[in-house]
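S.K.: What shape does this take:
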Amino acid sequence: MPEFYPHKYGLELSKQFSDPALELYCFKNDRTTEQGGLGKYRHFMNASRMIFPKIQDHEWSRWQVQSLCQKEYAIIIGNVIQRFIYWPGCGSAGKTWGAGRYAFLWWLADPDNSAVFLTSTSGLMVKRRIWPIIQDLYHSARASFAEKLKIDVSKVHCGNLLDSQTILQRSKGDFKHSISALSVEQGDIGKAVAKLQGQHPGRILLVIDEATDTPEAIFKTIPNMETGCRDLTVLLIGNPISRTLDPFDRAAQPVKGWESVSITDVEWPAKGDRDLCLKPGLTIRFRGPDSPNVKAGRTIYPFLYSYEDFQMAKGKEDTIEYWKWTEGFPPPEGLCNTVLSEAMISKYKVSEPHTFLSHADGVSGLDPGFEGDKCVLQFGILGDLTLGKMGLQLTETVTIRPLSISEHELDYQIAQETVVQCKDRKIAPQNMGSDQTGTGRGVYSHLRSDWGECVKVEFGGAASDRPASEEDPRPGHEVYGNQVTELWFFVRSLVLSGQLKGIPQEAIRQFCSRSWSMKGRRYVLESKPDFKKKFGHSPDEADAVAVICEVARRLGLQPGRVLAESTSTSDFVRASNAVYEESTGSDRFEKYAMAEDDY
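M.R.: Sure thing, here's the model as predicted:
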């Protein structure tokens with residue numbers, strides 16, 4: 001007859017548990033107060049304090065754990081429980097760290113039956129954001145157990161850590177029961193999807209960091225995970241900049257829509273997104289003004305949104321970055337002058353496909369993207385919609401990843417891969433365009449010499465002499481301060497006339513985020529360095545769309561009139577004309593042009 005050992009909380013177990021291990025056991029089994037325990041949340045916090053005594057918990061970190069332990073918004077069917085949790089919020093809210101701590105202890109509570117998947121948008125971000133947290137917790141836990149058990153740390157087993165593969169295994173060679181940090185960047189998506197779909201342990205925790213920028217294919221692996229899984233938790237983390245432009249914003253919104261909550265609301269039942277397998281659950285939002293540091297009137301926790309951050313954000317409420325990094329809440333529609341808006345995307349049905357009348361040709365546009373930017377190749381089909389009216393349907397987006405670090409070889413590799421991709425789709429050189437601003441000249445030179453005369457697109461310099469739009473016949477250089485502004489507003493014209501469809505989701509976000517302002521009497525797009533400073537990345541996908549639209553323009557695509565009266569468009573033209581009429585003297589002929597690095 002097996003021997004049983006008495007423990008706290010009225011438990012008699014077949015093995016003796018240390019105090020931290022017992023707390024984890026009760027956490028995993030949700031030992032409630034009715035059963036003599038403390039409840040899932042309190043057992044977790046006890047285990048954390050015992051294993052990581054140096055961790056400083058605060059209001060937000062405790063709230064994070066509570067949201068992951070609650071049952072009120074869980075889906076419970078028989079002995080199966082699923083939790084879908086959404087964490088929008090300001091920058092430096094400790095969301096990634098909180099997710100990492102929960103993931104490590106959640107797995108450690110039952111490593112024989114558990115798998116944790118932590119995703120981020122690139123291999124670099126995996127190693128910068130989530131994996132260092134797991135590394136630190138692993139080593140801290142080993143040291144803590146060694147101290148409590150009075151043994152050498154080499155004898156403490158908390159799994160097999162493989163830093164080179166960003167994985168913590170239950171035991172050497174066990175890839176099924178592990179904590180895995182995965183990149184979901186284009187090119188790595190297939191590997192990540194295969195990893196997520198290929199294992200079916202009894203417990204799964206999926207943490208999707210930077211969820212606003214995560215490909216939709218990752219979310220669609222969730223139904224496969226459900227097979228054989230009795231305990232599934234899905235946590236999405238992000239800094240929203242829209243209401244409907246990405247899966248995170250759609251899934252995290254209140255059941256009755258974003259309009260049903262105010263800027264001060266921080267918790268609500270989440271709607272989920274059925275199309276992307278994201279189920280209803282709970283959203284908790286971390287507002288910068290509610291930070292423990294701001295409430296204290298001084299910075300107590302240096303790793304959190306600080307009191308100084310709050311003071312510096314004052315007066316910036318009319319900017320997108322304020323809403324993204326301080327409020328963690330979708331900005332009001334029309335807050336800033338952006339090239340496109342969510343309302344336009346919905347009204348002009350950008351996601352619906354074209355039906356071509358007869359003639360249709362493949363076209364492509366390349367944004368070479370140097371100095372850390374992505375190299376994006378956009379494909380599309382240009383054809384006749386009606387007699388005398390053409391349309392552009394965007395199809396595939398390919399990210400090119402050259403291997404060489406030599407600038408000359410880099411140019412050559414990008415050009416060669418572009419040619420291969422275009423030939424595979426039977427696209428002729430004259431139907432392909434490339435930005436040849438600055439460092440892009442080398443790529444364009446290789447394309448032209450090795451393949452044929454392609455369309456040369458200049459993002460730098462002054463705008464052209466072509467008519468600004470169907471509504472505004474003035475030459476572009478009288479309306480737009482530089483070429484990149486003209487190119488991006490040409491995309492806008494095609495959207496408003498219903499002639500451009502299939503814009504990739506990431507490009508849509510960039511078109512809806514990059515602002516414009518007035519320089520003298522001309523419209524000028526926000527510089528690329530300023531955009532990168534605000535959002536942490538370059539608008540590469542949108543630039544590639546602008547290039548392919550310019551290619552289509554050279555091949556005969558001209559925007560027609562707006563399909564229906566658009567307030568934003570009419571206001572834009574009226575404002576433009578008003579400024580034009582007020583201009584006097586030399587300003588009427590002044591040309592404003594950015595430096596090439598600023599486009």
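S.K.: Where does pLDDT dip in the stretch 351-500 of the chain?
M.R.: Applying pLDDT under 70 to the stretch 351-500 of the chain flags residues 404-408, 439.
S.K.: please redo it, this time with the cut-off set to 90
M.R.: Counting by pLDDT under 90, the low-confidence segments of the stretch 351-500 of the chain come to 351-352, 357-360, 369-374, 386-389, 401-411, 436-441, 460-461, 467-474.
S.K.: Specify the local secondary structure of the residue nearest to Asp246 when sequence neighbours are not counted.
M.R.: Nearest residue to Asp246 in three dimensions, chain neighbours excluded: Thr212, at 4.9 Å (C-beta to C-beta, 6 or more residues apart in numbering). Yep, even glycine has a C-beta here, placed from its N, CA and C like the rest. With DSSP: H, G, I helix; E, B strand; the rest coil as the basis, Thr212 sits in helix.
S.K.: Would you confirm that Thr212 contacts Pro240?
M.R.: Yes. Judged on C-beta atoms under 8 Å, Thr212 makes contact with Pro240 at a distance of 6.4 Å.
S.K.: Please enumerate the shared neighbours of those two.
M.R.: 248-249 (C-beta atoms under 8 Å, 6 or more residues apart in numbering).
S.K.: how's the chain carved up into domains?
M.R.: 52-320, 342-598 (automatic domain parsing).
S.K.: Check the ones you listed for me: which has the lowest mean pLDDT.
M.R.: Ranked by mean pLDDT, those end with domain 342-598 in last place, scoring a mean of 84.
S.K.: In TSV, list the domains of the chain along with mean neighbour count and distance to Pro331.
M.R.: Converted to TSV, the domains of the chain look like this (neighbours: other C-beta atoms under 10 Å; distance: least, C-beta to C-beta, whole Å):
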stretch	mean neighbour count	distance to Pro331
domain 52-320	18	5
domain 342-598	19	10
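S.K.: Mind putting the ones you listed into TSV with distance to Glu34?
M.R.: Formatted as TSV, those follow (distance: least, C-beta to C-beta, whole Å):
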stretch	distance to Glu34
domain 52-320	13
domain 342-598	47
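S.K.: And the residue nearest the centre of this protein?
M.R.: The centre of the chain sits closest to Asp213, judged by C-alpha atoms, centre = their mean, with a distance of 1.6 Å.
S.K.: Would you agree it is in contact with Thr121?
M.R.: Yes. Under the criterion of C-beta under 8 Å, Asp213 is in contact with Thr121, at a separation of 4.9 Å.
S.K.: quick one: contacts for the nearest residue to Tyr41 once chain neighbours are set aside?
M.R.: Nearest residue to Tyr41 in three dimensions, chain neighbours excluded: Cys69, at 4.2 Å (C-beta to C-beta, 6+ apart). By C-beta under 8 Å, 6+ apart, Cys69 lies in contact with 39-41, 44.
S.K.: now do Gln64
M.R.: Listed by C-beta under 8 Å, 6+ apart, the contact set of Gln64 reads 87, 94-95, 98-99, 102, 284.
S.K.: 7 Å instead, please
M.R.: Gln64 sits next to Gly98 when contact means C-beta atoms under 7 Å, 6 or more residues apart in numbering.
S.K.: just checking, it is part of a strand?
M.R.: No. Using three-state DSSP, the assignment for Gln64 is helix, not a strand.
S.K.: Helices along the stretch 351-500 of the chain, start to end?
M.R.: Assigned by DSSP state H, counting those that start in this stretch, the stretch 351-500 of the chain shows helices spanning 407-424, 440-450, 476-479, 483-496.
S.K.: Columns distance to Val457 on top of these, output as JSON lines?
M.R.: Converted to JSON lines, these look like this (distance: least, C-beta to C-beta, whole Å):
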{"stretch": "helix 407-424", "distance to Val457": "14"}
{"stretch": "helix 440-450", "distance to Val457": "9"}
{"stretch": "helix 476-479", "distance to Val457": "14"}
{"stretch": "helix 483-496", "distance to Val457": "7"}
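S.K.: Minimum distance to Arg83: which of those has it?
M.R.: helix 483-496 (38.7 Å; C-beta to C-beta).
S.K.: quick one: contacts of whichever helix or strand comes after the closest one?
M.R.: Next helix or strand after helix 483-496 toward the C-terminus (DSSP states H and E): strand 500-501. Residues from elsewhere that reach strand 500-501 (C-beta under 7 Å, 6+ apart): 350, 352-354, 392-394, 491, 494, 549.
S.K.: switch to 10 Å and redo it
M.R.: The contact list for strand 500-501 (C-beta atoms under 10 Å, 6 or more residues apart in numbering) reads 348-354, 380-381, 391-394, 490-495, 545, 548-549, 552, 557, 559.
S.K.: and stretch 367-385, how far from the chain's centre?
M.R.: 19 Å (C-alpha atoms, centre = their mean, to the nearest Å).
S.K.: Same check on stretch 464-472?
M.R.: A distance of 34 Å separates the centroid of the chain from that of stretch 464-472, by C-alpha atoms, centre = their mean.
S.K.: Kindly report the same for stretch 263-274.
M.R.: 18 Å.
S.K.: dump the residue contacts of Gly372.
M.R.: Residues near Gly372 by C-beta under 10 Å, 6+ apart: 124, 532, 537-538.
S.K.: My guess is Arg129 contacts Thr96. True?
M.R.: Yes. Here Arg129 reaches Thr96: they are 5.4 Å apart, a contact under C-beta atoms under 10 Å.
S.K.: who touches both of those two?
M.R.: 118, 120, 209-210, 237.
S.K.: quick one, what contacts Asp52?
M.R.: Asp isn't right for residue 52; it's Phe. 20, 101, 104-105, 136-137, 140-141, 144.
S.K.: Would you mind giving these as a markdown table with distance to Thr326 and secondary structure added?
M.R.: Formatted as a markdown table, the contacts of Phe52 follow (distance: C-beta to C-beta, whole Å; DSSP: H, G, I helix; E, B strand; the rest coil):
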| residue | distance to Thr326 | secondary structure |
| --- | --- | --- |
| Pro20 | 37 | helix |
| Arg101 | 24 | helix |
| Phe104 | 29 | helix |
| Leu105 | 30 | helix |
| Asp136 | 28 | helix |
| Leu137 | 29 | helix |
| Ser140 | 31 | helix |
| Ala141 | 34 | helix |
| Ser144 | 36 | helix |
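S.K.: wait, Met518 sits on Asn337?
M.R.: Yes. Shown here, Met518 and Asn337 form a contact pair, counting by C-beta under 10 Å, at 9.0 Å.
S.K.: and stretch 77-90, how far from the chain's centre?
M.R.: Here stretch 77-90 shows a centroid-to-chain-centroid distance of 20 Å under the convention C-alpha atoms, centre = their mean.
S.K.: In PDB, list the C-alpha atoms belonging to that stretch.
M.R.: Presented in PDB, the C-alpha positions along stretch 77-90 are these (Å, rounded to 0.1, in the frame of the first residue of the first chain):
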ATOM      1  CA  ILE A  77     -16.800  22.400 -20.700                       C
ATOM      2  CA  GLY A  78     -16.600  19.300 -18.500                       C
ATOM      3  CA  ASN A  79     -13.000  18.900 -17.300                       C
ATOM      4  CA  VAL A  80     -11.700  21.300 -20.000                       C
ATOM      5  CA  ILE A  81     -10.900  24.900 -19.200                       C
ATOM      6  CA  GLN A  82      -9.800  27.600 -21.700                       C
ATOM      7  CA  ARG A  83      -8.900  31.200 -20.900                       C
ATOM      8  CA  PHE A  84      -8.400  33.900 -23.600                       C
ATOM      9  CA  ILE A  85      -6.800  37.000 -22.000                       C
ATOM     10  CA  TYR A  86      -5.900  40.300 -23.700                       C
ATOM     11  CA  TRP A  87      -3.500  42.900 -22.400                       C
ATOM     12  CA  PRO A  88      -3.500  46.200 -24.200                       C
ATOM     13  CA  GLY A  89      -1.600  49.000 -22.500                       C
ATOM     14  CA  CYS A  90       1.100  51.600 -22.400                       C
END
